[in-house]
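# can't give you the sequence, but here's the structure:
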């Protein structure tokens, strides 16, 4: 499989060959005021010299490209997301990062997500219902806030409702009130 560098060189070589063909056609055209024998001779000289120059040039460029970055290395560098090349041309490798269950990148210190317990599921259900109710209370049918409501007020209402529901279900105790008297 050819690398991107090889494909680019192939396209450049094809373009150069097309330019050489056009050059030969112009020399052979009636626009150029040369005798027919000179045109024929010039056409064969151009053809052989252009082919030699093009083959030598692109052969040298491919050899240099293979020395600087061999084909198998080039393919790995291009296809490996953990290898980067900076603006100076230096190649560096970044450490591979493991991916989480949802495709997100986990750093080395992160572990698998915690197991969701029944208590956590119950709390999430209570909280989602509380936010649903608070949003219904604080928003119009078109989704904009009612007068005097904003997201922080809706969140406070939902948290208060969530706490009351947890107290009703016996999941938490009522908080003890502090007295407002100064001692």
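On my side now, so go ahead. Just so you know, these numbers come straight off a predicted model, no measurement behind them. Residues are numbered from 1 along each chain as shown.

# tell me how far the strand or helix carrying residue 152 lies from the chain's centre.
Secondary-structure assignment from DSSP states H and E places residue 152 in helix 151-169. Computed by CA atoms, centre = their mean, to the nearest Å, the chain-centroid distance of helix 151-169 equals 40 Å.

# and that helix, what other elements does it pack with?
Packed against helix 151-169, as judged by 3 or more CB pairs under 8 Å, 6 or more residues apart in numbering; DSSP states H and E, are the following elements: helix 118-138. No exception for glycine: its C-beta is placed from N, CA and C like everyone else's.

# so which bits of the helix it packs on are buried?
Residues of helix 118-138 classed as buried by neighbour count (16 or more other CB atoms under 10 Å): 123, 126, 127, 130, 131, 133, 134, 135, 138.

# distance of the residue at minimal distance from the centre of the chain relative to residue 93?
Central residue check for the chain by CA atoms, centre = their mean: the C-alpha nearest the mean position is that of residue 81, 10.0 Å away. With distances taken as CB to CB, to the nearest Å, residue 81 is found 11 Å from residue 93.

# equivalent analysis for residue 126, please.
Using CB to CB, one gets 48 Å for the distance from residue 126 to residue 93.

# likewise residue 6?
As judged by CB to CB, residue 6 and residue 93 stand 23 Å apart.
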